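J.: Structure for this input, please:
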Amino acid sequence: MCGSIHLPWQRDIEGPRRREISETRLSKVATVFRRLSNIWKSGSLDPNIKLQLYTAVVVSTAIYTSETWKSTRTIQNKLDVFYQRNFRKIIGVTWKDIVSNAEVLARTGHRRLHDIVGERRFRLAGHVMRMAPERPAHRAINWTSADGRRKRGRPKKTWRSTFREDLQARGVSWSEKETTAADRVRWRNLLPIVPYVVRPSVCVSVCLSSVTFVHPTQAIEIFGNVIPSKAHMRLPISG
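T.: Numbers count the residues shown, from 1 in each chain. Presented below is the predicted three-dimensional model:
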């Protein structure tokens, strides 16, 4: 299904990509989610098991090859709406409960789906940057038109322009991308870490120097669903 979407650095595929995500990929995954409705509605299964099944079966299918997607507001919204709607069904939250999306993520211990997709894209970019310069994927990122011109109008959004935005968000300039990617530890630390929460009422933020008790909602307000380095971990509270 995704054999034609590799190396999308220079192609504008806004229409086909948006349709592939919304009309094909997410619609088929939604069908799989509905077929498992007995599991989501079960009162005998632990909520953590439901979330693990959802991540392993549904989410992994929805974001397959998502590291090759560019990022637009439309694509981000479609991914997050799909993600949040399913979470609400799993934990039994309806519109009558007046629960915000941030609170739903806090209860489940997850981040927004488009943040996870961005992490996968940034990880792929690191692999490409460490390739030999003569490899086609490496050459495509630094490719420029022979005459140095582009068509009139607003520049079209591509995978490469999305990667530029990812670098800027992490404080890395375009000229520093290869030297930064060569340092695997530094590149890995630039990736956001998915918080792991077992009990939704409270979680522990463990730093190298101190231990601090943080409520999930406060953690989202402080970190914005992104923990900056692997020095921070989430551990369950026993008892």
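J.: What strand or helix carries W187?
T.: For W187, the enclosing helix or strand under DSSP states H and E is helix 184-189.
J.: how about that helix: buried residues?
T.: W187 (16 or more other Cβ atoms under 10 Å). For glycine as for every other residue, the C-beta is placed from the backbone atoms N, C-alpha and C.
J.: Alpha carbons only: can I get it in CSV?
T.: Coordinates of each C-alpha in helix 184-189 appear next as CSV, following Å, rounded to 0.1, in the frame of the first residue of the first chain:
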residue,chain,number,x,y,z
ARG,A,184,24.2,9.5,17.8
VAL,A,185,23.8,10.3,21.5
ARG,A,186,23.2,14.0,20.9
TRP,A,187,20.7,13.2,18.1
ARG,A,188,18.9,10.7,20.2
ASN,A,189,18.6,13.2,23.1
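J.: Run the chain-centre distance for that helix.
T.: Computed by Cα atoms, centre = their mean, to the nearest Å, the separation of helix 184-189 from the middle of its chain amounts to 17 Å.
J.: do stretch 65-73 as well
T.: Once both centres are worked out by Cα atoms, centre = their mean, stretch 65-73 turns out to sit 9 Å from its chain's centre.
J.: what does stretch 147-154 give?
T.: Taking mean C-alpha positions (Cα atoms, centre = their mean), stretch 147-154 and its chain are 31 Å apart.
J.: repeat for stretch 176-189
T.: For stretch 176-189, the distance from its own C-alpha centre to the chain's C-alpha centre is 19 Å (Cα atoms, centre = their mean).
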